[in-house]
Structure formats: structure tokens, C-alpha cells
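Q: please work out how this folds:
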Amino acid sequence: MTTIDRKPTRTRVGSLRPSALIHTFGVGSVVDLPRLSALVLGLESWDLRNAPLIGEPRLLATVRREPGLESVERFHGPPQTEDVGNLSFGALDAARLVGVPVATFPQWLLCPVCRKLAPVESELFQLKSNPFRPDRNEYVHRNCQKSPRSAPRALPARFVVACEEGHLDDFPWVAFVHKESSSSTVKCHWSLRLDEIGPSGEVADIQVSCVTCEAARRMSEAFGEQNRQAMPRCNGAHPHLRERSGCVRQVRPMLLGASNSWFPVSRSALSLPRQVSELDQLVETHWTVLENAPSKEVLASFRAIGQLNAFKGIDDDALLAAVERRRVSDDEEEVEDLKWPEWQVLTAEELPSARELTARAVRAPTGWEGSIERVVLVERLREVQALLGFTRVESPYDEGAGERRVPLSRAPSEFLPAAEVHGEGLFIQLHEEAVSRWCAANHEREQAFLDAHISWRARRDIAHPAAGFPGLRFVLLHSFAHALMRRLALDSGYSQASIRERIYSSDAEDEYGPMAGLLLYTAAQDSEGTLGGLVALGQPESLGLHLEAALDEVALCASDPLCAEHGPGADGAALHAAACHACLFAPETACERGNRYLDRGALTRLVTGLDIGLFGNEPSV
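A: All right, here's what the predicted structure looks like:
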């Protein structure tokens, strides 16, 4: 990770895991480094010379159908070098400048000793670089009057502003303290102090003041809906793109590092084996390189520069024939639904055993044969996750918020950042007949969820309120996945945040036919198969015990009867029924729908007397 400031200086400032640049610290997000606060810049600033290509044709085809992403031709991992620790680079080593570019944000800094508040461009704060220890790079206040012998380390200002359209900017300190609509009308710039006048540290005890004209204002006057109306209008700043475009909304103040300051909009797909022979599977793995090899001469060039080390000992004729077979397979009709091909593979009679996916079926647990049709232990899987954009203030899980996706580059980009992870999982397929019969018998519950869905979208002025309803089948599968996920986390060796879900839900009337199943899996950037904990718990005897325990745990919640009495909100306030943090909610990194469309009542009998659960009180259904 390298920083780029307004002056043409570059220095290495820290390191992150590649997968973190998809889920947590992607383009447009603020990264809290040990002594700096930085913002990840847009794709135009990325140097791809050390960025590995990541191939996943199904995911690429799906991404290209997204509005504004038609130009995407490939995925790249973040630029990186070999990770050998903080002491890895010498002062003159060019490798220390390889990484994802970032810029200082916020631009306003605070001296903790004299309480001086000023932007970087004022040149009151200087960047102190340590080429041997990038974690010690920092801004210092060299001319601090209260600390003449040493230069105190400057801190980033703890307040910023954002809006629902994805804009982000420094807090308008000058305009705010002088109660002006714009800082351009104020003459006394950069003469501010930020003082804590109370012991609590709350916004009511923080005061910003102007040393020149003695104007002062409490930060509590910026927060709240009424105070927001008095804040300046948003100027449409996208600091990751270094542009401002104007905006009609009022800015919303927030704390630096707030959880709603950046939400990733991402897509992921499991890699499916499309070939049988080992050579064809190897070609599939390295297709991002081999797709550009139309002849033996090109293959020879790739071998000379070390691009085909995985194919040592393989004749060029055989390799070229495998490349042509792979090229022909690209002309086959594409399936728009990412999950339908995965469902076909996981429910096939003959399960794959390949580099990308290795799976084997086991019998359903005793007593659960009436509701569970198939259990598959996925001993190895590969998942590719791509970052498409991001939102601010409103999560993409909020219906309609995804329409405000902020682009990662100023112009249409030919690539998107992606991460490749490997892991293991547990797939459970429910009996279609049992699920269909249960959904038909609970039409009133489905109507209640549909009403809540419509009210939710209408309350937020989203077009076509009835669109996008996943149905009661999804509520059942989603609730079942969360209940089992919480239980497996106790014995699998993985935390609950490390286990993710993939729900396969569609009715018989849908384009590709019915699906009723779930995949609980875990994957890591730096391992090939992780620990095997989920696969071990998928054995029939062990899985049966965990299924019974999961149903026992969701039958009674610590928040009952309040939780059990909660129904789908007809007022549009909530999109879940009997579910809360004490029973079904999971970390949002693990959940497909942001803890929405959940209902313990779909699984078992509740203390309120609601008895519509598919599994009832006994494991046999």
C-alpha cells in the first residue's frame, strides 16, 4: 500500500490482506493505519504490473451485464509483493512502492498538544517517512508552541461528512464554526482549534473555535435531522476519484471510521469444473494467460518468460489442443443465474473431484430423511469475489440502495479488483415436495412478508415496491442456514463471522426450475482447503446432533416473548419476523441479505403458540 499526496511523493505506508480490499477496505474506503488515516484511490491510479490475473468466466459474464460495467474484460488481484514483514524493504528498493495507492484522508489534521486544527495543504503538518518501517510513517506538527522540543504526532480529524449518493468529504470546519453556507465567504481560514471541554468525549463536549474572530460552536449542533438541514449542501466529492460533481442533498456528519461510511457492492461465484481431464482442468485454472495463446509460437514466448511453469513436461501440441477445446466451450450458451450451474453440480448424481471443486455425498442424518434429501461434503472449493462498487450511509442490503452504487473509476474500466479464496463447505438439499407443500400451506405468512417488503420499499421511495420479493421459500432456507450456522460455529473451529452462506432458492415456475438448498462454507486467502472442520461436522451422526441442537436453540430466544411476537413489519420498519441478535442474526459478512427475511417460526414451534415450522418439534418430518 503506497500513499500519493497532492505533491508528487510516494511512500509505503502499510499492508493489508488481499481479501480485505474486497470486503473491508476497498476502493473509496478509509483505512485506519497505525499512525495515518488514508483513503484507497480509484482504479486509474493502480499499477497492474504486479497485480495477478484472476480468472472466473461465469462471474465475469455476470458482471458485464451490470449497468456501467460492460467494458470489464478481466479481474486483477491487488498489486503485491512477497510478504516478508515490515522490515522487508530497503530505502532504495523499488519493491517498497508496489501496492494499492492511497491518499491522506481526511485532509484536516489535529495537533493533540496545542489543539491546532488545519488541513494538510496549510503545510503546518509535515509527513515524516520511515522507509524501513512503513508502519511508523506519520504527520507531525513541527512548530507546535506547546511542545518546542519535539514535534507531536498529528491525528486525523475525527469528523467527516457524507451523503446517500456515496459522496464523502472533509467536515466543513470553517463554514460550520462561522455559520456560513460556504467556506469561500470566510476570511479567517486555518486558524481553528478543536477542544474537548468535558470529560465524556461526546460531541456535546467538543467545541471548534476560530482563534481570529473567536467564533465557537459545539459539534452537537451538526448532528440530528434538524441540525442536518442547517448544514451546507453536499459538493459531490468523490475523493477516491479526485473529483467533485455537485449534489442536491444536505451533507450528513459522521465519525471517521463509522461502519456506514463504506459498504462494498460485490459479486462472488464458485469455480465449477468444466473439464474432465487433468490437463483440461489445468488449462481452465490458467485460462487468463492461455486465452491469449493462439499458436505454438506464442506458447513458446510464454514459456520463455515463465508464464507456463505449471505446464512443464506437456507437449505444445497437446497444450494447444486443450486451449482450443476450452475456447470452443466459451461459445456455449451462457446461464445468467450464477447459482443455477452450482446447484446442478452439487445435486448431480456424479459429484466432481477437481482442482476447483471436490465433493462427496453422504446419507441424510437418521430421522431427517423426510425433510433432507441430500447432504454433500464439499472438501475443497474455490471462490472468486469481485468488487463492483460501493455505497455510503445506506447498505446495498437495503432494497434500492444498490442503485446508488458508486463507480470505482472515472471512466469505464477494463478490470475490477478481485480476490481468490479456497476453502470447504457443507451443502444441504431439502426435499422439494416437503418445501413446496409447506409454502402452499402458509400463504398467509408469505403475504405478511410480501406486505412488509412492499412497505419497506415504499417507505424509501423505491420504484416498483413489489419487485424483488424473494418469497417464503427463501425465508425458510435463510432461517435454516442461520440457525445451523450459529450451531456449527461452536464446534467447527471457525468463528461465526468466518462461516458464510449461499442460499439456493427458486420455485418450480422460475426460469431454471426449483431449488431448495443451502451451502455453508468458509474460505481463506492464504490457505488451500482450511481446516476441515465443517466437513467433519457434516458426517451423518454429527450433523444429526447439530440439527437437533440448532432447532432447540431457536425454539426459545433470550428475548422471548418479545422476539417471538415480532412479525413482518407492515409499517416498513423491518423485514424479519421472529429473529434478533440473540437467536438468528449473523455477522453481515456472513449473510447474503443483511439479516433480513428471517423467521424462527418457519423452522419450529414458538412460545407464542405459532406452530407452522417445517421441522416442528421433532427431527422427523
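Q: tell me how far the lengthiest strand in the chain is from the chain's mean position?
A: Determined from DSSP state E, the single longest strand within the chain is strand 372-391. How far strand 372-391 lies from its chain's middle: 14 Å, per Cα atoms, centre = their mean, to the nearest Å.
Q: can you count the residues close to Lys312?
A: 7 (other Cβ atoms under 10 Å). Where you see a C-beta, it was placed from the backbone N, CA and C, and this is true even at glycine.
Q: how much space separates it from Leu320?
A: Lys312 sits at a distance of 16 Å from Leu320 (criterion: Cβ to Cβ, to the nearest Å).
Q: so after the helix ranked longest in the chain, what's the next helix or strand?
A: In the chain, taking DSSP state H as the definition, the longest helix is helix 472-491. Using DSSP states H and E, the helix or strand that follows helix 472-491 towards the C-terminus is strand 500-506.
Q: elements contacting that next one?
A: When contacts are defined as 3 or more Cβ pairs under 8 Å, 6 or more residues apart in numbering; DSSP states H and E, strand 500-506 packs onto helix 339-346, helix 472-491, strand 515-524.
Q: could you dump those to a markdown table with mean neighbour count, distance to Phe171 and mean pLDDT?
A: Shown next, in a markdown table, are these (neighbours: other Cβ atoms under 10 Å; distance: least, Cβ to Cβ, whole Å; pLDDT from 0 to 100):
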| stretch | mean neighbour count | distance to Phe171 | mean pLDDT |
| --- | --- | --- | --- |
| helix 339-346 | 20 | 43 | 92 |
| helix 472-491 | 24 | 38 | 95 |
| strand 515-524 | 24 | 38 | 92 |
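Q: still on that earlier bit, other SSEs contacting the longest strand of the chain?
A: helix 20-23, helix 57-63, strand 263-270, strand 357-362, strand 415-430, strand 515-524, helix 533-537.
Q: state the distance from Ala579 to Gly609.
A: 18 Å.
Q: before we move on, back to that, and the angle from the longest helix of the chain to strand 415-430?
A: 90 degrees (axes from the mean of the first three to the mean of the last three Cα atoms, to 10 degrees).
Q: packing partners of helix 472-491?
A: strand 415-430, helix 432-441, helix 443-459, strand 500-506, strand 515-524, helix 533-537, helix 540-555.
Q: give me that answer again for 7 Å
A: Packing partners of helix 472-491 (3 or more Cβ pairs under 7 Å, 6 or more residues apart in numbering; DSSP states H and E): helix 432-441, helix 443-459, strand 500-506, strand 515-524, helix 533-537, helix 540-555.
Q: coming back round to it: quick one: the longest strand of the chain to strand 357-362, angle?
A: Using the same axes, to 10 degrees: strand 372-391 against strand 357-362 is 150 degrees.
Q: so for strand 372-391, what gets flagged as buried?
A: By neighbour count with 16 or more other Cβ atoms under 10 Å, strand 372-391 contains the buried residues 372-391.
Q: could you pull up the mean pLDDT of that strand?
A: Strand 372-391 shows a mean pLDDT of 94.
Q: out of the helices and strands packed on helix 472-491, which gets nearest to Phe474?
A: Among these, the nearest to Phe474 by Cβ to Cβ is strand 500-506 (4.3 Å).
Q: ok, that closest one: who's next to it in the sheet?
A: Applying DSSP bridges, strand 500-506 is found paired with strand 515-524 (antiparallel).
Q: contacts for the strand it pairs with, please.
A: 343, 378, 381, 383, 421-430, 432, 435, 473, 477, 480-481, 484-485, 488, 494, 498-506, 530, 534 (Cβ atoms under 7 Å, 6 or more residues apart in numbering).
Q: again, but for stretch 157-173
A: Everything outside stretch 157-173 that qualifies as a contact, by Cβ under 7 Å, 6+ apart, is 106-110, 117, 183, 192, 208, 219, 232, 234-239, 247, 249, 251-256, 261, 390-394, 404, 406.
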